[in-house]
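Asker: give me the fold of what follows.
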Amino acid sequence: MTMSNRNVLLAIALASFGLIGAAMYLQHVLYLMPCPLCVIQRYLFIAIGLAALVGALSAKPKLAAGVGLLPALGGLGVAGKQLWVLAHPGLSCGIDPLETTLNKIPTSEYLPWLFYAEGLCQDATEKFMGLQIPVWSFIWFAILAIGMGWIMLRKRA
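Answerer: Got it, this is the predicted structure:
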């Protein structure tokens, strides 16, 4: 059984939006406050999900996959930066111009429960199933990037 591009894109959208749900759980139930890099990753997961959803509902799934691949690759970079910060104790992205800038974006002002950065990157050491949350984020960005790339490269729709 082969999966259509539409089904793969719907799965990518579901995974992306599900990861935002997981982030909300971590923040509002477990009280793990997001740092600036976490908030940037949220924007990128949402961008991937929206691109995948548009692609699934349009006649141009490969174009949407190409658009969705960009935030997935960006997410690998941001998650990689966060892992680098965690690997180098004493470094921080803490209260810096990035946090101040992020918290002044209209989405942060109107949806602070989703986009307001108030945690510290070096504090993202909580584990889920044996891996730190930023490691999971990196893995999911890789999976989503591979999915988008696969759609772009496959011969059939």
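Asker: wait, what's in contact with the residue nearest to the spatial centre of the chain?
Answerer: The residue lying closest to the centre of the chain (CA atoms, centre = their mean) is residue 45, at 3.2 Å. For residue 45, the contact set (CB atoms under 8 Å, 6 or more residues apart in numbering) comprises 16-17, 19-20, 23, 71, 75, 140. (C-beta placed from N, C-alpha, C; glycine too.)
Asker: now neighbour count, pLDDT and secondary structure too, for the residues you listed, in JSON lines please.
Answerer: Listed next are the contacts of residue 45 as JSON lines, based on neighbours: other CB atoms under 10 Å; pLDDT from 0 to 100; DSSP: H, G, I helix; E, B strand; the rest coil:
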{"residue": "16", "neighbour count": "26", "pLDDT": "97", "secondary structure": "helix"}
{"residue": "17", "neighbour count": "17", "pLDDT": "97", "secondary structure": "helix"}
{"residue": "19", "neighbour count": "21", "pLDDT": "95", "secondary structure": "helix"}
{"residue": "20", "neighbour count": "16", "pLDDT": "95", "secondary structure": "helix"}
{"residue": "23", "neighbour count": "20", "pLDDT": "90", "secondary structure": "helix"}
{"residue": "71", "neighbour count": "25", "pLDDT": "97", "secondary structure": "helix"}
{"residue": "75", "neighbour count": "26", "pLDDT": "96", "secondary structure": "helix"}
{"residue": "140", "neighbour count": "22", "pLDDT": "96", "secondary structure": "helix"}
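Asker: nearest to residue 99 among those?
Answerer: residue 23 (16.9 Å; CB to CB).
Asker: wait, that closest one touches residue 43, no?
Answerer: No. Contact criterion CB atoms under 8 Å: residue 23 and residue 43 do not qualify, at 11.2 Å.
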